[in-house]
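In: the following block contains a protein sequence and its predicted model.
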Protein chains: 2
Amino acid sequence: MRRDAARNRERILDAAAAIVAAEGVGGLSMAEVAATAGVGVGTLYRRFGDRSGLAYALIDEREREFQAAFLDGPPPLGPGAEPRERVRAFLGALADRTVAQLDLLVMAETAGPYARFGGAYEAYRGHLAMLLGQVRPEGDASCLADALLAPLAAPLLARQVRDQGVPVGRVKAALDALVAGL
Amino acid sequence: MRRDAARNRERILDAAAAIVAAEGVGGLSMAEVAATAGVGVGTLYRRFGDRSGLAYALIDEREREFQAAFLDGPPPLGPGAEPRERVRAFLGALADRTVAQLDLLVMAETAGPYARFGGAYEAYRGHLAMLLGQVRPEGDASCLADALLAPLAAPLLARQVRDQGVPVGRVKAALDALVAGL
DNA sequence: GCATCAAACGGAATTGATTCCGCTTCTACG
DNA sequence: CGTAGAAGCGGAATCAATTCCGTTTGATGC
């Protein structure tokens, strides 16, 4: 990447983070980010594709940590534990990180019809399908993975946890009950 | 409702249906619907609230049939069958009707962050929670209902069924496997 | 140092949803 | 019938995302 492009990328992410800190995710409009960063809106789109891409980029650092944890980290999230245990740990950890970044994820996942499947969705699905294949070799690991990931969609969690006051623990427990039956 | 309002409601729905028939869901813009119906855009919003509300209204007729079927119709969808059997029938039927109306539902559910929970979502959740309470009285029926409904979100089904060529049957089978374990 | 050109830029223009508000039309009631 | 006012209406204005395209700039080879 050209040096000016890298510099602008940083400026944009800094500006976006500052706006989120100051006004919340609601204040994060493309025009305002561009103005604050001192670049044109075209530059935002060149760098991040769209609103959803910008939101995912803002989350990226913690995202890398999370991915590292389930790919390589200590059990039960990482390798070493029983597959079923890893599935539960993975879904629980994903629930936690989704709740931790709820606003940005709601924005990222609802930027367009398929925005939810951008970001790291494929990585999650692949990982989960791999584990489910070990738990239940005769099952349809790929569809099951989609089905178990779906309840962790940010807008649903937002409604449950924030609007209805359901504790995250209950959501995780319900998923555990489903996984236990496999 | 005033008579002129009812007439406009019909005109709008007719115009919207005609546009969908002619150009697909992609051509369904609020301005075009208003122009075709011969009303102002304000009238659309007064009647339907937003884009999502219009899409749900277009689906409404089949929707009533579906609701009547699981509330009052013959088993296994309606009363009379074992609760677990009814859960499976309900999820299967919901999957079918979602796929049958895929384009409109993708539009309706992605009009805004919480648009998915408009329409009949509460009715589905209540019904499913009631059945799950009979299957597993000690479980968290409410969270389980949300978790089992989530995999039937229109955008996810669109991706699986349309983009990836997964047969609906596989999606249903994966849900059955989850329900079987409860 | 300088020419070249692909990559990157900026910001006006476009597109489409949603809001606003002054005007019109029903309908109920006297 | 006449009229008050609630309900409804139209469409211009607003707001934000996204696209487009002419201009600028950094990297590379000489």
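Out: Cool, the structure landed.
In: and chain A, which residues reach DNA strand D?
Out: A:2-4, A:28-31, A:41-42, A:45, A:50-52, A:111-112 (Cβ under 7 Å from any atom of the strand). Placement of C-beta: from N, CA and C, glycine included.
In: separate out the buried members of these.
Out: Buried by 16 or more other Cβ atoms under 10 Å in any protein chain shown: A:Leu28, A:Arg51, A:Ser52, A:Ala111, out of the residues of chain A next to DNA strand D.
In: kindly reformat those residues as a markdown table containing secondary structure and pLDDT.
Out: As requested, these are exported to a markdown table (DSSP: H, G, I helix; E, B strand; the rest coil; pLDDT from 0 to 100):
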| residue | secondary structure | pLDDT |
| --- | --- | --- |
| A:Leu28 | coil | 96 |
| A:Arg51 | helix | 97 |
| A:Ser52 | helix | 97 |
| A:Ala111 | coil | 94 |
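In: turn those residues into CSV, columns for distance to B:Leu77.
Out: As requested, these are exported to CSV (distance: Cβ to Cβ, whole Å):
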residue, distance to B:Leu77
A:Leu28, 44
A:Arg51, 40
A:Ser52, 37
A:Ala111, 36
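In: out of the residues of chain A next to DNA strand D, flag the one nearest to A:Ala16.
Out: Closest to A:Ala16 out of the residues of chain A next to DNA strand D is A:Leu28 (6.3 Å), distances taken as Cβ to Cβ.
In: ramachandran coordinates for the closest residue to A:Thr110 other than its chain neighbours?
Out: Spatially, and ignoring its direct neighbours in sequence, A:Thr110 is nearest to B:Pro113 (4.4 Å; Cβ to Cβ, 6 or more residues apart in numbering or on different chains). Main-chain torsions, B:Pro113, degrees, to the nearest 10: phi -60, psi -40.
In: got the confidence number for B:Pro113?
Out: Model confidence at B:Pro113, given as pLDDT, is 94.
In: cool, the one 4 residues further on as well?
Out: The per-residue pLDDT reported for B:Phe117 equals 97.
In: likewise A:Val161?
Out: Taking A:Val161 on its own, its pLDDT is 98.
In: which ones are touching it?
Out: By Cβ atoms under 8 Å, 6 or more residues apart in numbering or on different chains, A:Val161 lies in contact with A:Val99, A:Leu102, A:Pro167, A:Val168, A:Val171.
In: equivalent analysis for A:Gly139, please.
Out: A:Leu132, A:Gly133, A:Leu182, B:Ala174, B:Ala177.
In: wait, a helix at the fourth one?
Out: Yes: under DSSP: H, G, I helix; E, B strand; the rest coil, B:Ala174 falls within a helix.
In: I figured it was touching A:Ala147, is that so?
Out: Yes: between B:Ala174 and A:Ala147 there is a contact at 5.1 Å, judged by Cβ atoms under 8 Å.
In: which neighbours do the two share?
Out: B:Pro151.
In: what does chain A put close to DNA strand C?
Out: So chain A meets DNA strand C at A:1-2, A:4-5, A:8, A:38-43, A:45-47 (Cβ under 7 Å from any atom of the strand).
In: if we can go back for a sec, out of the contacts of A:Val161, who has the most neighbours?
Out: Highest neighbour count within the contacts of A:Val161: A:Val171, with 25 neighbours (other Cβ atoms under 10 Å in any protein chain shown).
In: the helix or strand encompassing that one near chain B at all?
Out: A:Val171 belongs to helix A:168-180 when assigned by DSSP states H and E. Yes: with Cβ under 8 Å from any Cβ of the partner chain as the criterion, chain B is reached by helix A:168-180 at A:Arg170, A:Val171, A:Ala173, A:Ala174, A:Leu175, A:Ala177, A:Leu178, A:Ala180.
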